[in-house]
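Q: Predicted model, plus sequence, below.
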Amino acid sequence: MAEKPSTIRVQAPAKVNLILRVLDRRADGYHNLWSLMHTVGLTDRLTLRLTDRHQDIRLQCNIPDLPTDGRNLVVKAATQFLAAAVRSCGVEIELQKTIPMGGGLGGGSSDAAATLMALNRLLGLDWPPSRLAGIGAGLGSDVPFFLFAPSAVISGKGEAVVPVTVKGSRWIVLVNPGAAINTGWAYQRLAEQRTSIKPLSAELEQVSRSGSISWDEVLPLMENDFEPALAASHPVLADLKAELCWAGAEAALLSGSGATVFGVFQDESRARRASARLEQPPGRTVFTVPAQ
């Protein structure tokens, strides 16, 4: 009787960009970024099994429209990891998605990072996060961050990650309007809309150097360069920010290139009261979760 394959279950958290600056365009066509990112308690779940029944990477997902072939970041991550490890084995992956797709919450990147960490453990390689991040950087700009979560400053194309401690605790209300925003299109809009690039402030540079910041210090610094670029084409984003602030958020901001907007609340009770007050028209999804 064949031995049962090794199995591991992992959670892949969503992220929000507490600060997102899009800087100059690089020679490779990407933009240099500077972002303070933080994971939140909204997660996808992955189950990975090593098997000797086949030599393929097979992915199943609860979202019918999500590709499960080589276009999926989870499959790409597994393929790249096995190639780097010079291993040939069958891998079966079940992906249970909760994080909205195309919402600026990094769900696909988090799934890819979780896949790298899970295979690292399944195969007993004990590679450090920096080595996994080298693989992750080729998969997507947000992937390296999730290997150093819960909070970090990312720069460059996303490959440079400096872990940062965000002192204190907060709860987050995420509001997704139900429509995805294509990241490439958002960058194009940003390039068309702005006439200059604001340099990094001394306060932001200090965050990278100090390695820690409190929530009280973060709140007045929160900004996202995509917000003004998307204001005309997606007025719902400003409406969601206004609703969150009306409901008691200390601050509200677009995450990534959207379309999810999030509000920061002092504690769980305030966050849950706010989410109950928010209008929820068809298609809108609201999550109330802790900043991890």
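A: Everything's here; your move. Residues are numbered from 1 along each chain as shown.
Q: residue nearest the centroid of this structure?
A: Gly106 (2.5 Å; CA atoms, centre = their mean).
Q: Looking at that residue now. What's its pLDDT?
A: What the model reports as pLDDT for Gly106 is 97.
Q: ok now do it, which residues does it touch?
A: Remark: with contacts taken as CB atoms under 8 Å, 6 or more residues apart in numbering, Gly106 is in contact with 14-15, 37, 99, 142, 145-146, 256. C-betas here are computed from N, CA, C, even on glycine.
Q: Then Val16 would be within a strand, right?
A: Yes. According to DSSP: H, G, I helix; E, B strand; the rest coil, the state of Val16 is that of a strand.
Q: can you list the weak-confidence ranges in the stretch 1-150 of the chain?
A: 1-5 (pLDDT under 70).
Q: just the helices in it please.
A: Counting by DSSP state H, counting those that start in this stretch, one finds helices in the stretch 1-150 of the chain at the ranges 73-85, 107-122, 129-136, 143-146.
Q: The last one packs against which elements?
A: Yep, that's helix 143-146 we're talking about. Here helix 143-146 touches strand 7-25, helix 107-122, helix 129-136, strand 151-156, going by 3 or more CB pairs under 8 Å, 6 or more residues apart in numbering; DSSP states H and E.
Q: Which one, of those, ends up nearest to Gln188?
A: Of all the helices and strands packed on helix 143-146, strand 7-25 sits nearest to Gln188, with 11.6 Å by CB to CB.
Q: just to revisit the earlier point, quick one, which of the helices and strands packed on helix 143-146 gets closest to Ala249.
A: Minimum separation from Ala249 across those (CB to CB) falls at strand 7-25, 12.5 Å.
Q: buried stuff in that closest one?
A: For strand 7-25, the neighbour count (16 or more other CB atoms under 10 Å) marks 8, 10, 12-23 as buried.
Q: now stretch 167-179
A: Buried-residue list, stretch 167-179, by 16+ other CB under 10 Å: 170-177.
Q: what is the rounded mean pLDDT of it?
A: For stretch 167-179, mean pLDDT is 96.
Q: Over to stretch 258-273?
A: 97.
Q: Kindly check the end-to-end length of that stretch for me.
A: Stretch 258-273 stretches 24 Å from its first residue to its last (CA to CA, to the nearest Å).
Q: for stretch 210-218, same thing?
A: With CA to CA as the measure, stretch 210-218 spans 13 Å from end to end.
Q: Other residues contacting it?
A: Contact with stretch 210-218 is made by 18-19, 36, 162-170, 207, 264, as judged by CB under 8 Å, 6+ apart.
Q: residue ranges of the strands in the stretch 151-292 of the chain, please?
A: Along the stretch 151-292 of the chain, counting by DSSP state E, counting those that start in this stretch, strands occupy 151-156, 160-163, 165-167, 171-176, 212-214, 223-224, 251-254, 261-265, 285-290.
Q: Pick the most deeply packed of the ones you listed.
A: strand 261-265 (a mean of 27; mean count of other CB atoms under 10 Å).
Q: okay, that one in CSV with CA atoms only?
A: Output of strand 261-265 as CSV, limited to C-alpha atoms (Å, rounded to 0.1, in the frame of the first residue of the first chain):
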residue,chain,number,x,y,z
VAL,A,261,-10.8,51.0,-0.1
PHE,A,262,-10.1,50.5,3.6
GLY,A,263,-10.7,52.3,6.8
VAL,A,264,-8.5,52.2,10.0
PHE,A,265,-10.3,51.9,13.3
